[in-house]
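S.K.: just the structure for this:
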Amino acid sequence: MCVSYIKHYEFLFECIYNLNNRLKKHIFQISNETNEIPDEPFLSMVTLCILPIATKYFSDAQTLNAVAIELHNKILSFQDFNSISDNARMLNTALSSIDLTILFSDITSIIPNNCIDAGELSKLYIKLTNIGKGTAFDVTISINNNDKQITFTKNVQIDDVLPGETKK
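M.R.: Next up, the predicted model:
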């Protein structure tokens, strides 16, 4: 049992160390853009707030995901963090732009003629590329059709599409 707790705390220490380094990089990057200098006590406070949260969740055998969510909420509720991150968010807001390509196959056709004839089955391929500079969040493809003989999956969830990323 002691070995288990030691391993959890070694893991926690590694998580805290990595989180602190990531926060420093992120906030110093923001400070270069906004000319604001983050203070070390702020970074220490954010890093140390994970310890009681993680201890609680590990003792209840919860997932690391729950720890990350609670930590995320605590960080965002800290007033100084919001003032720094809001400035960076305003500077870094970029728009996404989706380029959409729709293709189909008529491979069940006796003679492939790039036309969907009566009685043929066809597959519709949709390729989208984010050609903008910002991430497209929660992308959903909706297909509407007035012909009752032709059926589609109405909504296809794509999730987030990063700048320059292509999803099929």
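S.K.: break the protein down into its domains, please.
M.R.: Structural domains assigned to the chain are 2-92, 98-167, following automatic domain parsing.
S.K.: worst mean pLDDT among those domains?
M.R.: Mean pLDDT is lowest for domain 2-92 out of the domains of the chain, coming in at a mean of 55.
S.K.: what is the end-to-end distance of stretch 101-110?
M.R.: By Cα to Cα, to the nearest Å, the extent of stretch 101-110 from end to end equals 26 Å.
S.K.: which other residues reach it?
M.R.: Under the contact criterion Cβ atoms under 8 Å, 6 or more residues apart in numbering, stretch 101-110 has outside partners 112-117, 120-129. C-beta: built from backbone N, CA, C; applies to glycine.
S.K.: can you rerun that using 10 Å?
M.R.: 112-117, 119-129, 141, 143, 166, 168 (Cβ atoms under 10 Å, 6 or more residues apart in numbering).
S.K.: drop anything exposed from the residues you listed.
M.R.: With neighbours counted by 16 or more other Cβ atoms under 10 Å, the contacts of stretch 101-110 contain buried members at 116, 128, 129, 141.
S.K.: kind regards, and thank you for your time.
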